[in-house]
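In: Sequence and predicted structure are below.
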Amino acid sequence: MLKKGLKLYSILNGSCPKCHEESMYKNTNPYVLPEVLDMHNTCSNCKTKYKIEPSFFYGSMYVSYAVGIAFATAAFVISFFLFNASLMQVFIAIVITLIICLPIILRLSRNIWINFFMSYDKSLAKK
């Protein structure tokens, strides 16, 4: 189990990168598609502003590409090596995986991006 204070905790939970106490997202379920990228402006616990500057999260598009490649590679390895699928079946598995996991990829990329610029501050965590 991940402990607060690790960047991985914030990345996987989508919690505030400074205090790890609150979700950055208004709806914690990424599969509510109209709200997948709706974020709070600030953390209610430590008042950290999530959008550091206008268009801050455009940089997460580059991270999204890498995360998408990781998901596609996992789909390839599982379908090709574990299930001995044909190349067409592998291609279909990759496309389906990317479509189904798109909300998760979008959020993960934003979480990774913001954690590049902010670090956990123990003094801001709830006691």
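Out: Thanks, I have it.
In: isn't residue 120 right up against residue 17?
Out: Yes: here residue 120 reaches residue 17: they are 6.9 Å apart, a contact under Cβ atoms under 8 Å. Every residue, glycine included, has its C-beta placed from N, CA and C.
In: Overlap of the contact sets of these two?
Out: 7, 10 (Cβ atoms under 8 Å, 6 or more residues apart in numbering).
In: the more surrounded of those two?
Out: For residue 120 versus residue 17, the count of surrounding residues by other Cβ atoms under 10 Å is larger for residue 17: 24 against 19.
In: That one and residue 94, how far apart?
Out: 31 Å (Cβ to Cβ, to the nearest Å).
In: same question, residue 7
Out: Separation of residue 7 from residue 94 (Cβ to Cβ): 28 Å.
In: Kindly report the same for residue 1.
Out: Distance of residue 1 to residue 94, computed by Cβ to Cβ: 31 Å.
In: All good on my end, thank you.
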